[in-house]
Each structure stands twice: as C-alpha cells, then as structure tokens.
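Novice: Got a predicted model here, sequence first, then my questions.
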Amino acid sequence: MRKHYSEHSQRAHGERITRQDMVDNTSILDRENNMWKLRILEAAYILEHCPSMCDQREHRGRITLTG
C-alpha cells in the first residue's frame, strides 16, 4: 500500500489504514472491458451516487462541472 494513504488516514482519521481495510471496504459495481465504455460507466455511477465528486476546487474558489 502506498505510504500516502496510510499517512492521510493517520493524520485525518487518527488510525492507519491497512490493505485489508481497503479490501473489506471496496466493492465492484459493474464490469466493462472496453476502456471508453468503462470511463462513461464510471462517470455515470459517480454522477448518480456521489455528485460532489464532480466539483472541482481551485485556489480562487469552487467550479462546478455539472448542472
């Protein structure tokens, strides 16, 4: 596991994340072999389930990429 994730987890949440934590909290929602279709599918899932991920932050403020 990359050091960055472990450091972030320790700093932000007060505990170190393990590989098993990541495995236990990850689920596969769908499958697609075509990379172009996979990107579209991922975007659709993000837009439907976590639209706040579509917001882009800049040093001058917040830019909304949707709606």
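Specialist: Nice, I can see it.
Novice: can we go C-alpha only for contacts and neighbour counts from here?
Specialist: Will do.
Novice: And the pLDDT at the closest residue to R31 other than its chain neighbours?
Specialist: Leaving out its chain neighbours, the residue that sits closest to R31 by Cα to Cα, 6 or more residues apart in numbering is L38, at 7.7 Å. With respect to pLDDT, L38 scores 92.
Novice: hang on, L38 packs against L29?
Specialist: No: contact between L38 and L29 fails when scored by Cα atoms under 8 Å: they sit 11.6 Å apart.
Novice: Could you tell me which residues touch both of those two?
Specialist: Both L38 and L29 lack any common contact, where contact means Cα atoms under 8 Å, 6 or more residues apart in numbering.
Novice: These two: which is more packed in?
Specialist: L38 (14 against 7; other Cα atoms under 10 Å).
Novice: helix, strand or coil for E32?
Specialist: On the three-state scheme (DSSP: H, G, I helix; E, B strand; the rest coil), E32 is labelled coil.
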